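J.: Okay, here's the prediction I keep looking at, along with the sequence it came from:
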Amino acid sequence: MKVALVTGAGDRSIGAATAGALRARGFRVLTTTRSCPITADHHPLDLADAGSVARLAAWVPERLDLLVNNAGIHLDLRSRWTEPQLVDGHEVHWRTNYLGTAQLTRLLLDNLLESGDARVVNVVSKLHDRGRNEWLVAPVAPYDSWAAYGTSKLALVHEAAEIERRYGGVGVHGYSLHPGSVYTRIADRGLETAPVLGRLRRLAAPIERRTLLTPEVGARTTVFCATSPDARPGGYHRREAPAEPSADAQDAAVAAKLWDETSAWTASLLT
Ligand SMILES: NC(=O)c1ccc[n+]([C@@H]2O[C@H](COP(=O)([O-])OP(=O)(O)OC[C@H]3O[C@@H](n4cnc5c(N)ncnc54)[C@H](OP(=O)(O)O)[C@@H]3O)[C@@H](O)[C@H]2O)c1
């Protein structure tokens with residue numbers, strides 16, 4: 001039985017729907033949320049905590065056939081922050097969405113190589129086009145949380161392409177995708193500091209539910225990247241098909257440099 005790990009499979013999330021769809025296709029699916037108890041198939045993960053990432057990686061079986069890097073945050077939906085919120089000295093979206101995911105992926109590379117035919121699927125966003133390559137190496141300036149979120153997702157598009165270039169030949173393939181605009185709890189979290197707006201949003205929930213995709217539909221492109229022979233190794237996808245990412249995301253030299261610099265950072269966590 002093929003083994004998959006899907007991060008961020010909380011209630012009503014795209015990750016939970018992805019896990020369900022993969023189970024229906026015969027995978028054994030391991031999932032994470034930030035606070036689930038440890039069971040045979042569930043383990044807690046906080047991407048912003050290097051120790052938590054390492055504990056999850058140590059728990060994963062020796063052979064892993066599919067890693068779905070789905071967990072992610074988009075805080076400050078109202079663009080109220082004028083300064084970055086820092087975790088470990090890094091901007092919170094960069095630290096959580098990119099650095100934590102990159103650490104997990106590197107720690108699981110041997111497990112993926114053991115498969116002989118593995119996929120790493122990074123759930124990004126069309127908003128990766130709000131990021132810029134210059135902000136991969138320097139702070140987003142002037143600070144804007146949407147640009148910071150976009151830059152964290154741009155880095156994950158680069159990461160998927162670079163996995164393909166470095167490991168495709170030895171059986172580990174990288175993919176990235178935009179899931180669509182999906183009705184999940186991501187906006188609840190982004191409005192946590194705005195209780196009035198949060199209440200208004202709950203009142204408008206029936207309308208939002210009608211206009212946005214369900215998590216099950218949102219999971220389709222992830223499942224396409226995870227299983228389809230028509231998914232493009234190294235590529236970005238939308239609506240269950242290969243698609244063109246932003247111009248910045250297509251710069252292979254930037255992706256290679258980012259990989260090396262990120263690997264140096266993850267190695268420094270061990271010292
Ligand atoms: N919804 C959309 O329209 C949309 C559009 C484009 C891209 N995306 C991307 O799709 C992915 C899934 O989002 P979603 O809409 O399903 O959001 P969601 O309902 O908020 O689910 C996100 C999941 O990520 C987990 N998570 C949050 N912070 C974490 C951390 N520090 N460490 C580890 N896990 C963490 C959450 O854990 P808990 O369960 O413990 O809270 C949750 O299970 C994200 O990467 C998001 O950026 C979503």
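T.: Yep, it's here.
J.: can you list the weak-confidence ranges in the stretch 101-250 of the chain?
T.: 190, 192-193 (pLDDT under 70).
J.: What residues does it have near the ligand?
T.: Residues of the stretch 101-250 of the chain found near the ligand, taking CB under 6 Å from any ligand atom as the criterion, are 123, 125, 178-179, 181-182, 184-186, 189. Yep, even glycine has a C-beta here, placed from its N, CA and C like the rest.
J.: try 8 Å
T.: Residues of the stretch 101-250 of the chain that fall close to the ligand, judged by CB under 8 Å from any ligand atom: 123-127, 149, 153, 178-189, 212-213, 215, 218.
J.: So among those residues, which ones count as buried?
T.: 123-127, 149, 153, 178-180, 182-184, 186-187, 212-213, 215, 218 (16 or more other CB atoms under 10 Å).
J.: ok, which stretches of this protein are helices?
T.: For the chain, the helices defined by DSSP state H cover 14-24, 50-59, 92-93, 101-107, 109-115, 145-167, 186-190, 195-203, 205-211, 215-218, 220-227, 252-268.
J.: Contacts only, for residue 7.
T.: By CB atoms under 8 Å, 6 or more residues apart in numbering, the residues touching residue 7 are 15, 31-32, 45, 47, 68-71, 101, 104.
J.: which residue does the stretch 51-200 of the chain bring closest to the ligand?
T.: residue 72 (2.3 Å; CB to the nearest ligand atom).
J.: May I have the phi/psi pair for that residue?
T.: Here is the backbone geometry of residue 72 (degrees, to the nearest 10): phi -170, psi 160.
J.: Who are the contact partners of the residue lying closest to it once chain neighbours are set aside?
T.: Computed as CB to CB, 6 or more residues apart in numbering, the closest residue to residue 72 that is not its neighbour in sequence is residue 97, at 4.7 Å. Applying CB under 8 Å, 6+ apart to residue 97 gives the contacts 47, 72-73, 149, 152-153, 156.
J.: quick one: residue 103 and residue 48 touch, right?
T.: No. The criterion here is CB atoms under 8 Å, and residue 103 misses it with residue 48 at 10.3 Å.
J.: how close does the closest residue to residue 1 other than its chain neighbours get to residue 65?
T.: Spatial nearest neighbour of residue 1, excluding adjacent residues (CB to CB, 6+ apart): residue 28 at 5.0 Å. Applying CB to CB, to the nearest Å, the value for residue 28 to residue 65 is 9 Å.
J.: list the residues that contact both of those two?
T.: 2-4.
J.: could you dump these to a markdown table with distance to the ligand and neighbour count?
T.: Compiled in a markdown table, the shared contacts of residue 28 and residue 65 are given as follows (distance: CB to the nearest ligand atom, whole Å; neighbours: other CB atoms under 10 Å):
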| residue | distance to the ligand | neighbour count |
| --- | --- | --- |
| 2 | 22 | 18 |
| 3 | 20 | 20 |
| 4 | 16 | 25 |
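J.: picking up where we left off before, compare residue 28 and residue 65 (neighbour count), which wins?
T.: Just comparing residue 28 and residue 65: by other CB atoms under 10 Å the higher neighbour count belongs to residue 65, 21 against 15.
J.: thinking the more buried one is in contact with residue 118, fair?
T.: Yes. Contact criterion CB under 8 Å: residue 65 and residue 118 qualify, at 5.3 Å.
J.: got any residues that touch both of the two?
T.: residue 112.
J.: before we move on, the earlier item: what bridges to the residue nearest to residue 1?
T.: According to DSSP bridges, the residues that bridge with residue 28 are residue 3.
J.: State the pLDDT value of it.
T.: pLDDT recorded at residue 28 is 98.
J.: Now do the contacts for residue 220.
T.: 21, 240.
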